[in-house]
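Chemist: Provided below are the primary sequence and the corresponding predicted coordinates.
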Amino acid sequence: MEKFEGYIFTALCSTNFLISCLLFSRVTREQREPYMDEIFHVPQAQKYCHGKFNEWDPMITTLPGLYLVTVGVIKPVVWLADLTGEVVCSTAMLRFINLLFNCGNLYVLYLLICKLHFREKTRTTVRRVLSALSLSTFPVLYFFNFLYYTDAGSTFFILFAYLMTLYGCHKASALLGVCSVLFRQTNIIWVAFCAGTLVAAKMDEAWRAEHTKKRDEKSPPSQVPLSFSGAKKVMFFLLEFLTSPCHVKAVLQVAWPYAAVAVSFLVFVVLNDGIVVGDRTSHEACFNFPQLFYFFSFSLFFSLPVSLCYHRILRFLQALKKQPFFFLLVTGLCVLLVWKLTFVHKYLLADNRHFPFYVWNRLFQRHELVRFLFVPAYVFAGWNFLDSFKSRSLFWSLAFLACLLAATVPQKLLEFRYFIVPYLMYRLHIPLPSLPRLIVEFFLYTVVNAATIYIFIAKSFHWPDSTATQRFMW
């Protein structure tokens, strides 16, 4: 890090932490008691604070990573500051842990951007710093820095693990991946993505070598063949690569730490009789394919300032004109998937404290045909998403899409929090946007953050059968 850039980034971190602390203070004053999922997380963390590690709330679905880290941070502070009484593991003290993760996320995001876009280093000091700041204030993630949820810590450890993968520290990456899984079991998918990038790199080398031998320069590794013959060629190559002892050995020599994590996770799943730890009936996996379409739409909205432009829209229209039957086929397939594979979780229909409730209630439930009217928008959002990766290699793109499918489709509940890690991974890998676009993106995120925090604080309400204060949130 250059000296000038270091000064800018340090000042930015300090300012970000100060503003976050002020917001944290306001949110905590307004909502002193545990809220929503905190009614499970806070008492469990307090049990761990008191050394009761053998007591467990059966309604908690995740592993105890958040509570273990909390105790590991709070106990030394309590000893050094000689704190006693209820303040030691109060709701506010527990929530403050996520502000620390917020600082960590900002720093890790900055390092990831520097690593992924190192070729543009001489001209992008302000853009890198602003991009990291913008992503650290990504609204869905930033909101949960003020509550005792697993999202901030889960995101920190999986991003840190990916950073170590990029630097070639695969043992450290696997260990950090274990930490991320202890926060949320589905992070095993992104640990697999870390390994997948290594496999993709080996495949790129083999693909390049094969085409060099054949002197075929028509399908470079960075392009995805759209023809049937091209797809068939890739399928045969994948089959040959994955069944070749030589290639498998070369991959395992590098990726064995991730394989060890995967095997350990499979043992856990077998012993636990599933991925979820508690409340299994409310967290059953299904083949909810439209979740992928919701994610594409979600990504299009939040990346609008940096991903969409006149030229991209023009390219989409040209692609429609050039391959109308292909897009017609894709649209028909999307209609079929929306028709046959849309699942609606009971929480989505019943809990009016979450924003997805209103998205579903006021859009999708207006008429049974409304969900089909969104299909053209899904097609465009998906095309825009994939077009952002055109500079990436074919096999990297396939690895990312496989992990994206695994992270979204099995989820029955439409929950924007589940989109945090896949969105950040997407946003990190698109070309570094121009400064004006980054400013617009940061402004969009700031407006959304201000609106959601204001609504949470000022627009409370009560249910008819309860005296407890209810608040709107992501």
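Modeler: Perfect, I can see it now.
Chemist: how about the strands in the stretch 351-474 of the chain?
Modeler: Using DSSP state E, counting those that start in this stretch, the strands of the stretch 351-474 of the chain run over 461-462, 469-470.
Chemist: Now the helix or strand where Thr212 lies: buried residues?
Modeler: Counting by DSSP states H and E, the element that carries Thr212 is helix 188-214. By 16 or more other C-beta atoms under 10 Å, the buried positions in helix 188-214 come out as 188-204, 206-207. C-betas here are computed from N, CA, C, even on glycine.
Chemist: now do stretch 262-277
Modeler: Residues 262, 265, 268, 275-277 are the ones in stretch 262-277 that count as buried (16+ other C-beta under 10 Å).
Chemist: What is the nearest of these to Leu292?
Modeler: Leu292 has its nearest neighbour among the buried residues of stretch 262-277 in Ile275, at 19.4 Å by C-beta to C-beta.
Chemist: just the strands of the stretch 351-474 of the chain: most buried one?
Modeler: Of these, the one with the most neighbours on average (mean count of other C-beta atoms under 10 Å) is strand 469-470, at a mean of 14.
Chemist: Is Val71 in contact with Lys47, as I believe?
Modeler: No. The pair Val71 / Lys47 is not scored as a contact, 10.0 Å apart, by C-beta atoms under 8 Å.
Chemist: just to revisit the earlier point, JSON lines for the strands of the stretch 351-474 of the chain, including mean pLDDT?
Modeler: Converted to JSON lines, the strands of the stretch 351-474 of the chain look like this (pLDDT from 0 to 100):
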{"stretch": "strand 461-462", "mean pLDDT": "92"}
{"stretch": "strand 469-470", "mean pLDDT": "92"}
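Chemist: Show me the one of those strands that comes nearest Gln31.
Modeler: Among those, strand 469-470 comes nearest to Gln31, with 7.7 Å by C-beta to C-beta.
Chemist: Which strands or helices does that closest one pack on?
Modeler: Strand 469-470 makes packing contacts with strand 461-462 when contacts are defined by 3 or more C-beta pairs under 8 Å, 6 or more residues apart in numbering; DSSP states H and E.
Chemist: before we move on, the earlier item: quick one: mean pLDDT over the helix holding Thr212.
Modeler: The pLDDT scores in helix 188-214 average 87.
Chemist: continuing past it, what's the next helix or strand?
Modeler: Note on helix 188-214: by DSSP H and E, the next helix or strand toward the C-terminus is helix 228-242.
Chemist: what comes up buried for that following helix?
Modeler: Buried residues in helix 228-242, defined by neighbour count with 16+ other C-beta under 10 Å: 234, 237, 241.
Chemist: Show me the shaky parts of the stretch 201-350 of the chain.
Modeler: Within the stretch 201-350 of the chain, the segments meeting pLDDT under 70 span 213-230.
Chemist: So which residues of it form helices?
Modeler: Secondary structure of the stretch 201-350 of the chain, counting by DSSP state H, counting those that start in this stretch: helices at 228-242, 245-272, 290-302, 304-307, 310-322, 324-340, 346-350.
Chemist: Most tightly packed of those helices?
Modeler: Highest mean neighbour count of the helices of the stretch 201-350 of the chain: helix 290-302, a mean of 21 (counted as mean count of other C-beta under 10 Å).
Chemist: residue closest to the middle of the chain?
Modeler: Central residue of the chain (C-alpha atoms, centre = their mean): Val421, 1.0 Å from the mean position.
Chemist: Might one say that that one is in contact with Phe156?
Modeler: No. Val421 is beyond contact range of Phe156, at 10.6 Å (criterion: C-beta under 8 Å).
Chemist: Asp57 belongs to a helix?
Modeler: No. Counting by DSSP: H, G, I helix; E, B strand; the rest coil, Asp57 is not part of a helix but coil.
Chemist: ok, it - how many residues close by?
Modeler: Residues near Asp57, counting by other C-beta atoms under 10 Å, number 14.
Chemist: Isn't it up against Ile39?
Modeler: No. Counting by C-beta under 8 Å, Asp57 sits too far from Ile39 to count as a contact (9.5 Å).
Chemist: Excluding its own residues, what touches stretch 26-34? List them.
Modeler: Contacting residues not belonging to stretch 26-34 are listed as 41-43, 91-92, 95, 146-148, 453, 456-457, 469, 471 [C-beta atoms under 8 Å, 6 or more residues apart in numbering].
Chemist: I'd like the C-alpha coordinates of stretch 355-365 written as CSV, please.
Modeler: Provided in CSV are the C-alpha atoms of stretch 355-365 (Å, rounded to 0.1, in the frame of the first residue of the first chain):
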residue,chain,number,x,y,z
PHE,A,355,-39.2,-6.2,3.5
PRO,A,356,-39.6,-9.4,1.3
PHE,A,357,-43.1,-9.8,2.8
TYR,A,358,-44.1,-6.5,1.1
VAL,A,359,-42.3,-7.4,-2.1
TRP,A,360,-44.2,-10.7,-2.3
ASN,A,361,-47.5,-9.3,-1.0
ARG,A,362,-47.7,-6.2,-3.2
LEU,A,363,-46.2,-7.5,-6.3
PHE,A,364,-46.4,-11.3,-6.7
GLN,A,365,-49.7,-11.8,-5.0
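Chemist: buried residues in that stretch?
Modeler: Residues of stretch 355-365 classed as buried: 356-357, 359-360, 364 (neighbour count, 16+ other C-beta under 10 Å).
Chemist: Show the average pLDDT along that stretch.
Modeler: The pLDDT scores in stretch 355-365 average 92.
Chemist: And for stretch 412-421?
Modeler: Rounded mean pLDDT across stretch 412-421 is 94.
Chemist: Need the residues that contact it.
Modeler: So stretch 412-421 is contacted by 138, 140-141, 144, 149, 151, 154-155, 158-159, 186-187, 190, 283-286, 288, 291, 294-295, 298-299, 343-345, 347-348, 354-356, 359-360, 407-408, 411, 474 (C-beta under 8 Å, 6+ apart).
Chemist: try 7 Å
Modeler: Applying C-beta atoms under 7 Å, 6 or more residues apart in numbering, the contact partners of stretch 412-421 are 140-141, 151, 155, 158, 190, 284, 286, 288, 294-295, 298, 343, 345, 347-348, 356, 360, 411, 474.
Chemist: okay but Tyr330 is in contact with Val379, surely?
Modeler: Actually, residue 330 is Val rather than Tyr. Yes. Counting by C-beta atoms under 7 Å, Val330 touches Val379, with 6.0 Å between them.
Chemist: and the host helix or strand of Asn105, what does it pack onto?
Modeler: In the assignment (DSSP H and E), Asn105 maps to helix 91-116. Helices and strands touching helix 91-116, by 3 or more C-beta pairs under 7 Å, 6 or more residues apart in numbering; DSSP states H and E, are helix 3-30, helix 38-49, helix 65-81, helix 125-136, helix 151-166, helix 420-429.
Chemist: Now the shortest one - C-alpha only, CSV.
Modeler: Written as CSV, here are the backbone C-alpha positions of helix 420-429 (Å, rounded to 0.1, in the frame of the first residue of the first chain):
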residue,chain,number,x,y,z
ILE,A,420,-25.0,-11.0,0.6
VAL,A,421,-22.0,-13.2,-0.2
PRO,A,422,-22.9,-14.1,-3.8
TYR,A,423,-23.6,-10.4,-4.5
LEU,A,424,-20.3,-9.3,-3.1
MET,A,425,-18.5,-12.0,-5.0
TYR,A,426,-20.2,-10.8,-8.2
ARG,A,427,-19.5,-7.1,-7.5
LEU,A,428,-15.8,-7.8,-6.7
HIS,A,429,-15.2,-9.6,-10.0
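Chemist: Can you add distance to Phe374 and give the helices of the stretch 201-350 of the chain back as TSV?
Modeler: TSV is the format used below for these (distance: least, C-beta to C-beta, whole Å):
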stretch	distance to Phe374
helix 228-242	27
helix 245-272	35
helix 290-302	8
helix 304-307	17
helix 310-322	17
helix 324-340	8
helix 346-350	16
